[in-house]
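# Prediction below, plus the sequence it came from.
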Amino acid sequence: MPSYEDDLDRFEEHNAQVLGISVDSIPSHEAWQKSIGGITYPLLSDFYPHGEVAQKYGVLRPEGINERALFVIDKEGVVRFIDVHPIDIQPDNEEIFDVLRGLR
């Protein structure tokens, strides 16, 4: 997630808003953000009802945590890109920028 922070200017060039969301609680998010030096984009909590958003997007694991997934949603609310990948892998932001360029 820090790599998104590093590229926020590039996301803004594409008129894109970066959001993070997980099933963790707000205090957990605050502690995590502090541990990495903070982030400036919104980090949302899908804590209660637990995992409701993750479930609607099909990325809630049976053990109650969410997958690491990327979604690009256009201005009309249409999901244009989905990437679900191993939790320990951070995909290259260039893939997202390619998708954003294609939306223009």
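Sure, I can see it. What you see is a predicted model, and the numbers here were worked out from it, not measured in a lab. Numbers count the residues shown, from 1 in each chain.
# Now stretch 53-66: buried residues?
53-54, 57, 59-60, 66 (16 or more other Cβ atoms under 10 Å). C-beta here means a position set from N, CA and C on the backbone, and glycine is covered the same way.
# give me every residue that touches the residue positioned nearest the centre of the chain.
In the chain, the residue lying closest to the centroid (Cα atoms, centre = their mean) is residue 20, at 3.8 Å. Counting by Cβ atoms under 8 Å, 6 or more residues apart in numbering, residue 20 touches 1, 4, 39, 41-44.
# Now restrict those residues to buried residues only.
The buried subset of the contacts of residue 20 - by 16+ other Cβ under 10 Å - is 4, 39, 43.
# any idea how far the nearest residue to the second one once chain neighbours are set aside lies from residue 100?
It stands for residue 39. Leaving aside its chain neighbours, residue 39 sits nearest to residue 5 (5.0 Å; criterion: Cβ to Cβ, 6 or more residues apart in numbering). As judged by Cβ to Cβ, to the nearest Å, residue 5 and residue 100 stand 17 Å apart.
# Repeat that for residue 1.
18 Å.
# what do you get for residue 61?
From residue 61 to residue 100 the distance is 28 Å (Cβ to Cβ).
# Check residue 71 too.
According to Cβ to Cβ, residue 71 and residue 100 sit 12 Å apart.
# One more: residue 21?
Distance of residue 21 to residue 100, given as Cβ to Cβ: 19 Å.
# just residue 20 next, same as before
17 Å.
# picking that back up, which ones among the contacts of residue 20 map onto strands?
In this view, the contacts of residue 20 that belong to strands under DSSP state E are 43-44.
# between the contacts of residue 20, which is nearest residue 77?
Of all the contacts of residue 20, residue 77 sits closest to residue 44, with 16.3 Å by Cβ to Cβ.
# Please name the bridge partners of that closest one.
Beta-bridge partners recorded for residue 44 (DSSP bridges): residue 21.
# All good on my end, thank you.
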